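Asker: no sequence on this one, just coordinates:
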Ligand code: NIG
Ligand code: FE
């Protein structure tokens, strides 16, 4: 192996059993295209200066003059770096006590109503300070990277005050994440008396002007015990005016009008959908709003799964994400989510791969650079410890990620 001169880099991943990537160049993919994966056997991926420059069969590998680092891909398969488009990874503390209480029968919404749940993470996050949060997110980001996630979104929403919301957004941005402002996640104790309308008013007046400079999108939790559709409309409309893309947590426990609102406002995505019925499915299928499914969250809370197959079959644009957070989904693994998508949602491995690569990249406004292995796109590659890429979904909870490459450099390896 020879190394590349400083300032430039060349990485050849060679002798791969397979390279698998969503077909085509458009995004999001839906209908039949959701399940179209191009597979090259006995293949290589050439990365130069952070971009993929060539993907092909070994027999087509050109003579490479000059220094090139080589990575042995024998018995491995390559897929695009995974994109986690919905996480709450910027939190302090944990909720392991709550997890044990839930295992003994306590309900998630009941714990929240009693001042625990999301609000207990708000207390820990406020107390951690910006440096504490930085350290916590670095730890969580490392877990995500080892699970194959090379691009992640993370939301605020555990500050619920001006200072901590903005600190969360700064920390996410500095850690290389895509920041989403989730000021409207829960009503904080300071506004318990005045209620949601007054809290939304405060968010828009005191936090939005700076949040809009740090975040790429805004998100709101539309649910009983959180925000109703009217409050969400007010929050999202103001956020859109300030230049943010729109996202919603909707239909997690009840159908609360979030699907119609997402479509009305032209949101990028609506996420959760565990309670969505046939009308919501049909409305989403006829819209450009991406349905982001979070089966690890449904599993973790022992809730019904979202209607994944119905959405995919009716032609909705579907993405998959972890929802990584300390309360409803303490799980950073997109491979595990792909396994759940196939076993619980009725998606095929091919649909699952597109959903957590190109479609997730579209949700984050990055499908022009991420989510496929093709010349000109970012050299983010996951090498799976299997000679068939479908192990991504098949090896449930197993050590399926062998090596992670981001920007053409190896950033995580399972083997020493
Ligand atoms: O997406 N449902 C709202 N928010 C998160 C959970 C946050 C938490 O429990 O800390 C979710 O499930
Ligand atoms: Fe969430």
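Answerer: Ah, there it is. Note that the structure is predicted; figures quoted are calculated from it, not measured. Ligands and ions are numbered 1, 2, ... in the order given.
Asker: excluding chain neighbours, give the residue nearest to residue 136 in space.
Answerer: residue 92 (5.1 Å; Cβ to Cβ, 6 or more residues apart in numbering). Placement of C-beta: from N, CA and C, glycine included.
Asker: torsion angles phi and psi at the one you found?
Answerer: As for residue 92, its main-chain torsions (degrees, to the nearest 10) stand at phi -110, psi 160.
Asker: need the per-residue pLDDT for it.
Answerer: On pLDDT, residue 92 comes in at 98.
Asker: for it, which residues are in contact?
Answerer: 121, 124, 125, 127, 128, 132, 133, 136, 158 (Cβ atoms under 8 Å, 6 or more residues apart in numbering).
Asker: and the residues you listed as CSV, adding pLDDT and secondary structure?
Answerer: Converted to CSV, the contacts of residue 92 look like this (pLDDT from 0 to 100; DSSP: H, G, I helix; E, B strand; the rest coil):
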residue, pLDDT, secondary structure
121, 98, helix
124, 98, helix
125, 98, helix
127, 98, helix
128, 98, helix
132, 98, helix
133, 98, helix
136, 98, helix
158, 98, coil
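Asker: of those residues, closest to ligand 1?
Answerer: For the contacts of residue 92, the minimum distance to ligand 1 (Cβ to the nearest ligand atom) is 5.0 Å, reached by residue 121.
Asker: you'd agree the closest one is up against residue 327?
Answerer: Yes: with contact defined as Cβ atoms under 8 Å, residue 121 counts as touching residue 327 (6.6 Å).
Asker: touching both of the two, which residues are there?
Answerer: Common contacts of residue 121 and residue 327 (Cβ under 8 Å, 6+ apart): residue 95.
Asker: tell me what residue 181 is bridged to.
Answerer: Using DSSP bridges, the bridge partners assigned to residue 181 are residue 218.
Asker: ok, it to ligand 1 distance?
Answerer: Distance of residue 181 to ligand 1, given as Cβ to the nearest ligand atom, to the nearest Å: 14 Å.
Asker: over to residue 305?
Answerer: Counting by Cβ to the nearest ligand atom, the gap between residue 305 and ligand 1 amounts to 14 Å.
Asker: for that residue, give me its contacts.
Answerer: 274, 295, 298, 299, 340, 344, 345.
Asker: in helices, which of those fall?
Answerer: Residues of the contacts of residue 305 located in helices (DSSP state H): 295, 298, 299, 340, 344.
Asker: gap between the closest residue to the fourth one other than its chain neighbours and ligand 1?
Answerer: Of all residues not flanking residue 340 in the chain, residue 295 sits nearest, at 3.9 Å (Cβ to Cβ, 6+ apart). Distance from residue 295 to ligand 1, counting by Cβ to the nearest ligand atom: 12 Å.
Asker: how about the helix or strand bottoming out on mean pLDDT in the chain, does it reach ligand 1?
Answerer: For the chain, counting by mean pLDDT, DSSP states H and E, helix 108-113 ranks last in confidence among helices and strands (a mean of 90). No: on the criterion Cβ under 6 Å from any ligand atom, helix 108-113 is out of touch with ligand 1, staying 7.2 Å away.
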